[in-house]
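Undergrad: Structure of the sequence below:
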Amino acid sequence: MSQMLSPDLSVTEIRCYFVRKRNCLLVRGRFGPLYMDYYLHLMQHGIKHPEKLDEMLKDGLAGIALHLASRPHDENCAWTINIHDPLLNIFVTGNTHPGRVTGRLFTEDVRDTGHSLFIAQTTRTHMQPRQSMIEFQGRDVLSAVEQFYTQSEQRPTRLFRLPDEDFVQISAEPDADVEWLNSLTDTDIPKLDESEHLTLLETRNYVFDCGCTAERMFPMLSRLSDEDIDYVFEDGEATITCPRCAAVFRTPRSDFDEWKSRLDS
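TA: A predicted model of the protein is given here:
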């Protein structure tokens, strides 16, 4: 996910504030633009989700974008939110340079462990990858993110879903007023700039985009045996589904063979 972004993509601006006297970090963004490109992506690839599952994936996209905006610029994150009931995986991933998030649902062949799991994978330049996994309660995605912060990040964090696709995340910094943080309600958030001293730290931009192409799927195909590759291209074309965003590509065998010959040379 490192190539340049298309200028045609709709940008969601996320603003990061320090809440003075409360020692908390507040990040917020209005996700209408990002969701618009998400729905265009679904239409382009003929993907349809039940309304409830669609809302859960959208919450996951907002959650990881807010998380990324609060993290170092070179951090890449991927979350798999395994929900026990209904049984599904919500996968979301992204980075800040460029500011890109994407994701998809998995509803088939999902492992049922009897409880819900939140699995986070994080990579940074010149650092060892990190992975953490927690169990969480309920099926609300934003609540799952809060539980991940509490158990894995050990930072009390609240997330709020407001009208007009506006989302807010507030996380405790050292010496934070945790009692104040825990007392916040949905009705408090729109008035925070009146009741609290907010200092703007930075602004980051994110879009919905995977950056995948048929050719970027070829390394996945190349790991198959020659017999399996022949089977995949049995009709002269292969149908490849992106594991990150569920985009569907139909590509001829000649394109794959040409890519492989370039790689071998």
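
Undergrad: Show me the domain layout of this structure.
TA: According to automatic domain parsing, the chain is divided into the following domains: 12-208, 214-264.

Undergrad: Spell out the residue ranges of the helices in the stretch 1-150 of the chain.
TA: Here the stretch 1-150 of the chain has its helices, by DSSP state H, counting those that start in this stretch, at 32-44, 51-69, 141-148.

Undergrad: Which one of those helices lies nearest to Leu200?
TA: Comparing the helices of the stretch 1-150 of the chain by their distance to Leu200 (Cβ to Cβ), the top pick is helix 51-69, with 12.6 Å. All C-beta atoms are positioned from the backbone trio N, CA, C, and that covers glycine.

Undergrad: ok so, going back, is it possible to get CSV of the domains of the chain that adds mean neighbour count, mean pLDDT and distance to Ser6?
TA: Formatted as CSV, the domains of the chain follow (neighbours: other Cβ atoms under 10 Å; pLDDT from 0 to 100; distance: least, Cβ to Cβ, whole Å):
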stretch, mean neighbour count, mean pLDDT, distance to Ser6
domain 12-208, 17, 96, 8
domain 214-264, 14, 92, 14
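
Undergrad: ok, Asp37 - contacts?
TA: With contact taken as Cβ atoms under 8 Å, 6 or more residues apart in numbering, Asp37 is in contact with 9-10, 207-209.

Undergrad: go again using 7 Å as the cut-off
TA: Contacts for Asp37 (Cβ atoms under 7 Å, 6 or more residues apart in numbering) come out as 9-10, 207-208.

Undergrad: Let me have the helices of the stretch 1-150 of the chain in JSON lines, extended by distance to Cys77.
TA: Below are the helices of the stretch 1-150 of the chain laid out as JSON lines (distance: least, Cβ to Cβ, whole Å):
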{"stretch": "helix 32-44", "distance to Cys77": "16"}
{"stretch": "helix 51-69", "distance to Cys77": "6"}
{"stretch": "helix 141-148", "distance to Cys77": "11"}
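
Undergrad: Can you say which of those is nearest to Glu202?
TA: So among these, helix 51-69 is nearest, using Cβ to Cβ, at 8.4 Å.

Undergrad: Which residues outside that closest one are in contact with it?
TA: The contact list for helix 51-69 (Cβ under 7 Å, 6+ apart) reads 12, 14, 16, 27, 29, 31, 34-35, 38, 49, 75, 77, 79, 81, 88, 90, 92, 94-96, 101, 103, 105, 141-142, 145, 159, 167, 169, 204, 206, 208.

Undergrad: Alpha carbons only: can I get that helix in CSV?
TA: Output of helix 51-69 as CSV, limited to C-alpha atoms (Å, rounded to 0.1, in the frame of the first residue of the first chain):
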residue,chain,number,x,y,z
GLU,A,51,-27.1,-3.5,5.9
LYS,A,52,-26.0,-4.5,9.4
LEU,A,53,-22.8,-6.0,8.2
ASP,A,54,-22.2,-3.0,6.0
GLU,A,55,-22.4,-0.7,9.0
MET,A,56,-20.0,-2.9,10.9
LEU,A,57,-17.4,-2.7,8.2
LYS,A,58,-17.8,1.1,7.9
ASP,A,59,-17.2,1.4,11.6
GLY,A,60,-14.1,-0.7,11.2
LEU,A,61,-12.8,1.6,8.4
ALA,A,62,-13.5,4.7,10.6
GLY,A,63,-11.9,3.1,13.6
ILE,A,64,-8.6,2.2,11.9
ALA,A,65,-8.4,5.6,10.2
LEU,A,66,-8.7,7.4,13.6
HIS,A,67,-6.2,4.9,15.1
LEU,A,68,-3.7,5.6,12.3
ALA,A,69,-4.1,9.4,12.7
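
Undergrad: That'll do, ta.
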